[in-house]
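Asker: Show me the folded form of this:
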Amino acid sequence: MLLVALAASDGSLYAGQASKSVTACTLFTAAEIRRITATKPSPIDGIKSDESPLPGGGSECDVAGFGIQLDAVPVARFDANRQAFSSRAKYERVPDVADEAYFYEQGAGTSVQVLGVYGRTATHVFAISNIMGMNESVAELRPQLLALGKAAAAKLR
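Answerer: You can find the predicted model right below:
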């Protein structure tokens, strides 16, 4: 998985959350991701991702090289979850992506740097991430991740 572990450590349940008809693997197709990010198709687009359940009731999946987590924590724990990971990742609040959203960087200066967007709507929490490759930059990946965050929020409202 290309994900920052944003799952709740307490296994929080999702009482009162919206229907789980949308899952991490059904949020986007590879073709949608390529259109939204304006990137070329890749051989990894054809690899079928297995959906993995998360302890709190959500799911995670890789689609077109992007890691997606959906409902790893309940909406009520959105900020507490971000704060719990703030020592391991740098968060920057980003407007106009979702009801609340942050761009994050984890592992800067190490061999594995993960970039992502962590956001919420009224009924869902999502994280979309990517591992920055040797020939990639934050400046290149940030707009892609923010565009995916906007599209995810629109689908989850």
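
Asker: What is the helix ranked longest in the chain packed up against?
Answerer: As assigned by DSSP state H, the longest helix anywhere in the chain is helix 138-156. Contacts defined by 3 or more Cβ pairs under 8 Å, 6 or more residues apart in numbering; DSSP states H and E place helix 138-156 against helix 24-27, helix 30-37, strand 66-70, strand 100-106, strand 114-120, strand 125-131. Every C-beta, even on glycine, is put in place using the N, C-alpha and C of the backbone.

Asker: How about the secondary structure of residue 41?
Answerer: coil (DSSP: H, G, I helix; E, B strand; the rest coil).

Asker: pLDDT score assigned to it?
Answerer: We have a pLDDT of 93 for residue 41.

Asker: Residue 110 versus the residue lying closest to it once chain neighbours are set aside, what's the distance?
Answerer: With Cβ to Cβ, 6 or more residues apart in numbering as the criterion, residue 41 has its nearest non-adjacent residue at 5.7 Å, and that residue is residue 34. Plainly put, residue 34 is 28 Å away from residue 110 if you go by Cβ to Cβ, to the nearest Å.

Asker: ok, these two, which is more surrounded?
Answerer: Between residue 34 and residue 110, residue 34 has the larger neighbour count (other Cβ atoms under 10 Å), namely 16 against 8.
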